[in-house]
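Undergrad: quick one, what's the 3D model for this:
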Amino acid sequence: MRGFNDEAEDSVEINILPMIDVIFAILSYFIISTLFLTRFDGLPVSLPTAETSERQPDANFTVTVDDDGQISLNREPIEVDSLKSTILNQVDPGQVVVVTIHADEDASHGQVVKVMDEVRTIDDAKLAIATRPKDE
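TA: Numbering: from 1, shown residues only. Next comes the predicted model:
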């Protein structure tokens with residue numbers, strides 16, 4: 001005979017698998033979105049190392065010289081002769097021009113000098129050469 005408290009009770013279970021799926025989806029969203037927070041205007045090149053390298057403020061323009069001698073201004077291919085006019089068309093009068101050169105360590109020295117020479121013809125332009133710190 002069954003008593004008052006002897007009735008079968010439904011067991012209550014909490015399924016946490018959907019909650020884990022949602023947490024992993026949110027986590028993957030944040031991981032992927034943080035990858036796009038870094039801003040890098042240059043093309044991927046193998047920068048030379050230097051013991052005296054210092055962190056510089058962000059450049060207005062980034063000129064990349066790869067190991068094949070190809071030149072890019074802010075990831076867009078460009079010829080050396082049109083470098084000055086392209087930069088001057090993109091700045092306001094009186095604005096300070098800061099150009100960082102990202103040259104591959106296997107790039108032709110002559111090509112890098114041509115780029116430097118073209119940038120130096122811009123009045124009051126500041127020129128920087130990107131390197132990696134020695135400990136990397």
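
Undergrad: mind naming the longest strand for this structure?
TA: Under DSSP state E, the strand in the chain containing the largest number of residues is strand 97-103.

Undergrad: where in the chain is the helix or strand with the lowest mean pLDDT?
TA: Least confident helix or strand, the chain: strand 49-50 with a mean of 72, by mean pLDDT, DSSP states H and E.

Undergrad: if we can go back for a sec, helices and strands around the longest strand of the chain, which ones?
TA: strand 61-65, helix 109-120, strand 125-129 (3 or more C-beta pairs under 8 Å, 6 or more residues apart in numbering; DSSP states H and E). Yep, even glycine has a C-beta here, placed from its N, CA and C like the rest.

Undergrad: and the last one, which strands flank it?
TA: Spelled out, it's strand 125-129. strand 97-103 (parallel) (DSSP bridges).

Undergrad: how about residue 119, nearest residue that isn't a chain neighbour?
TA: Setting aside the residues directly before and after it, residue 119 is nearest to residue 99 in space (C-beta to C-beta, 6 or more residues apart in numbering), at 4.9 Å.

Undergrad: quick check, the one you found in contact with residue 127.
TA: Yes: the criterion here is C-beta atoms under 8 Å, and residue 99 meets it with residue 127 at 5.6 Å.

Undergrad: more neighbours: which of the two?
TA: residue 99 (23 against 16; other C-beta atoms under 10 Å).

Undergrad: and stretch 73-84, C-alpha only, in PDB?
TA: Provided in PDB are the C-alpha atoms of stretch 73-84 (Å, rounded to 0.1, in the frame of the first residue of the first chain):
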ATOM      1  CA  LEU A  73      51.800  52.700 -50.400                       C
ATOM      2  CA  ASN A  74      49.300  51.600 -47.700                       C
ATOM      3  CA  ARG A  75      49.000  48.200 -49.400                       C
ATOM      4  CA  GLU A  76      48.400  49.600 -52.800                       C
ATOM      5  CA  PRO A  77      51.000  49.000 -55.500                       C
ATOM      6  CA  ILE A  78      52.700  52.200 -56.700                       C
ATOM      7  CA  GLU A  79      55.700  53.300 -58.800                       C
ATOM      8  CA  VAL A  80      58.500  55.300 -57.100                       C
ATOM      9  CA  ASP A  81      58.000  58.200 -59.400                       C
ATOM     10  CA  SER A  82      54.400  58.700 -58.400                       C
ATOM     11  CA  LEU A  83      55.000  58.300 -54.700                       C
ATOM     12  CA  LYS A  84      55.400  62.000 -53.900                       C
END
